[in-house]
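>>> Build me a structure from this.
(one chain, ligands or ions: 1)
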Amino acid sequence: MLTRGEKKRLLIRAKQVLNRNWQGNYTISSPDLYVHQWGWDSAFCAMGYARYDIKRAMQEIKSLFAGQWKNGMLPHIIFRKQPGYFPDAKFWQSEDNPHKPAVPTSGIIQPPMQAIAVWHLYQAAAVKEGGKVKEFVKFIYPYLFKWHQYLMTERDPENSGLATVFHPWESGLDNSPRWDNLLAKIQPKNLSAYQRIDIKRLPADQRPTDEVYDKYIYLVELMKRYGYQVERFYSFFPFKVKDAAFNSILYRANICLRQLAELIGEDSKEIEEWLRRTRHNFWHYFGASDSPGLVYDFDLISRRVVKRRTVAALLSLLTDLLTLKEAQLVRNFMRHAHFCHSQCEHHHYLVTSLPYLEADFNPLNYWRGPIWVNMNWLLIQGLREQGLWDDAEQIKESLLELIFRHGFYEYYSPIDGQGLGASNFSWSAALVIDLLLG
Ligand code: 9WN
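Presented below is the predicted three-dimensional model:
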């Protein structure tokens, strides 16, 4: 456990990372590669800012929604000036779209963390600056509502209460082994030549393979061909999934949206109806009888559950759809499969993106083994939600220690704690601030 002095130093360093990445009205995710504003990164950043600079937290969210499309879609990247990332603004062609936003953006989404962030912001500031934040909630609420309405309608033609994703990037856990079998069935056709930038900036063995990247680009090309309008490609799209982690976050976000509606006196009937639908179908789509409490994705093409055990399976902890017994089973599985036992140089209580004993476990590669700060932070929230306070506390202290020793990276090796991927990574800094000051 870190001493008080060490925690103080960690806080100063975390603020330095955010200051470096702050662009005056939004935050880039990392100067190494992610030099734009990303959807869920931005929400995580706002939650960190909420602890010490509420003005900046509100500005971050406002800037993000400048990229919202007219149909409510909140894209996963809002492009600003800097070049240096591929696929870039030109590639996505958002400006040619009838729903086009005020600034260039990507055409796909990421997990909807924003309502969670705005509720968090209100709670963090309620005592000192409640009035100011309530005004902000009134301002941002219609944008948030439209975003959720898009997810619950255009992204859910089945009326299941669960949103569909069309791309591994939409899950936020890009090259997770969850997607391997689904991607194996996709053969890119007529792909134009393109240049990857990520593997020039970051070590290639920590990133997705070229073969997988071709499929990422191919799926975007397909969506682009249909103007990213879901109703034009839904029936035949080759990657079509009800993502269990995305929808656990969405369910939690809808609860936050309802709380925001109540706060400002808006009618919450439609949100109630969304929640009802999700509750009705959640376990039907995501459950498996041999592992109560864990959640798995549902492939809409084969109409089967994709039973891969990854960190995503634990995110049911974010919902109120578990019995205490089920929550304890998820916790036990997490400790057993994702915590370090004998494999690591220093013992820690951190959740890996893949269980150690899975055949695909790779301690260095992106979402195929390393420890991610946002996943551990989400699980801390989930464990608290389930009343499993000691477990939440253990992860929190371990996470702070890891970052104190190794710095603010995109992800970390569970074996020796080495920082991997992009450095000066914003959400790692922001979520540390939230844990230190929350
Ligand atoms: C594609 C920005 C984003 C995160 C994602 C993470 C990574 C992008 C990439 O970086 O994805 O969106 O190029 O690898 O997987 O979760 O939002 O930090």
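>>> contacts and neighbour counts: CA atoms only from here.
Will do.
>>> Could I get the full set of helices for the stretch 101-250 of the chain?
114-152, 168-171, 180-184, 198-201, 210-225, 230-233, 244-263 (DSSP state H, counting those that start in this stretch).
>>> How about the residues of the stretch 51-200 of the chain by the ligand?
W169, G172, L173, D174 (C-alpha under 6 Å from any ligand atom).
>>> and with 5 Å instead?
Listed as neighbours of the ligand in the stretch 51-200 of the chain under the rule C-alpha under 5 Å from any ligand atom: G172, D174.
>>> How about the stretch 51-200 of the chain: which residue is closest to the ligand?
Residue nearest to the ligand within the stretch 51-200 of the chain (C-alpha to the nearest ligand atom): G172, separated by 3.8 Å.
>>> Spatially nearest residue to that residue, not counting backbone neighbours?
Nearest non-adjacent residue to G172, counting by C-alpha to C-alpha, 6 or more residues apart in numbering: Q110, 5.8 Å away.
>>> got a pLDDT number for the one you found?
pLDDT, Q110: 98.
>>> does it really touch A43, like I thought?
No. Counting by C-alpha atoms under 8 Å, A43 is not a contact partner of Q110; they are 10.9 Å apart.
>>> So, low pLDDT: which residues of the stretch 101-250 of the chain?
Counting by pLDDT under 70, the stretch 101-250 of the chain contains no low-confidence segment.
>>> Please report the distance of Y349 from the ligand.
To the ligand, Y349 is 22 Å away according to C-alpha to the nearest ligand atom, to the nearest Å.
>>> Check the secondary structure at that residue for me.
coil (DSSP: H, G, I helix; E, B strand; the rest coil).
>>> so it touches L402, yeah?
No. With contact defined as C-alpha under 8 Å, Y349 does not reach L402; the gap is 10.0 Å.
>>> These two - which one has more neighbours?
Taking other C-alpha atoms under 10 Å, Y349 and L402 do not tie; L402 has more neighbours (24 against 21).
>>> any chance you could map the strands in the stretch 251-400 of the chain?
Using DSSP state E, counting those that start in this stretch, the strands of the stretch 251-400 of the chain run over residues 297-299, 304-306, 371-372.
>>> need these in JSON lines with mean pLDDT, can you?
Putting the strands of the stretch 251-400 of the chain into JSON lines (pLDDT from 0 to 100) gives the following:
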{"stretch": "strand 297-299", "mean pLDDT": "98"}
{"stretch": "strand 304-306", "mean pLDDT": "97"}
{"stretch": "strand 371-372", "mean pLDDT": "98"}
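>>> I'd like to know which of these is closest to K200.
strand 371-372 (22.0 Å; C-alpha to C-alpha).
>>> Would you check how far apart the residue nearest to G172 and K138 are?
Per C-alpha to C-alpha, to the nearest Å, Q110 is found 24 Å from K138.
>>> ditto for L388
For L388 relative to K138 (C-alpha to C-alpha), the value is 34 Å.
>>> got it, and I186?
Counting by C-alpha to C-alpha, the gap from I186 to K138 is 44 Å.
>>> same check, this time on Y412
39 Å.
>>> Between the two, which is the more surrounded one?
Y412 (27 against 16).
>>> Now the more buried one: phi and psi?
phi -140, psi 150 (degrees, to the nearest 10).
>>> give the contact list for I78.
The contact partners of I78, taken as C-alpha atoms under 8 Å, 6 or more residues apart in numbering, are H36, Q37, W38, G39, L64, G67, V103, P104, T105, S106.
>>> Restricted to strands, list those residues.
Among those, DSSP state E puts Q37, W38 in strands.
>>> possible to save the contacts of I78 as a markdown table with neighbour count?
As requested, those are exported to a markdown table (neighbours: other C-alpha atoms under 10 Å):
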| residue | neighbour count |
| --- | --- |
| H36 | 26 |
| Q37 | 24 |
| W38 | 23 |
| G39 | 24 |
| L64 | 24 |
| G67 | 25 |
| V103 | 15 |
| P104 | 22 |
| T105 | 30 |
| S106 | 25 |
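>>> And the contacts of I78, which is closest to L378?
Closest to L378, out of all of these and judged by C-alpha to C-alpha, is G39, at 16.0 Å.
>>> Not counting its neighbours along the chain, what's nearest that closest one?
In space, and not counting its chain neighbours, G39 is closest to H76: 4.6 Å by C-alpha to C-alpha, 6+ apart.
>>> Near G130, how many other residues are there?
Neighbours of G130 under the rule other C-alpha under 10 Å: 15.
>>> doesn't Y122 make contact with it?
Yes. G130 lies in contact with Y122 (C-alpha under 8 Å); the separation is 6.7 Å.
>>> so what's L263 up against?
Residues near L263 by C-alpha under 8 Å, 6+ apart: K134.
>>> Look up how far L144 lies from it.
14 Å.
>>> Check D53 too.
Where L144 is concerned, D53 sits at a distance of 22 Å (C-alpha to C-alpha).
>>> ditto for P292
P292 is 32 Å from L144, by C-alpha to C-alpha.
>>> neighbour-wise, which of these two wins?
Set side by side, P292 and L144 show more neighbours around L144, with 24 against 16, by other C-alpha under 10 Å.
>>> okay, now the nearest residue to the more buried one once chain neighbours are set aside: neighbour count?
In space, not counting the residues next to it along the chain, L144 is nearest to A115; the distance is 6.6 Å by C-alpha to C-alpha, 6+ apart. Residues contacting A115 under the criterion other C-alpha under 10 Å number 28.
>>> And for Y150?
17.
>>> from what I can see it touches K70, true?
No. Applying C-alpha under 8 Å, one finds Y150 not in contact with K70, separated by 10.1 Å.
>>> Got phi/psi on the closest residue to the ligand within the stretch 201-350 of the chain?
In the stretch 201-350 of the chain, the residue that lies nearest the ligand is R207 (7.6 Å; C-alpha to the nearest ligand atom). For R207, the backbone dihedrals (degrees, to the nearest 10) come out as phi -120, psi 170.
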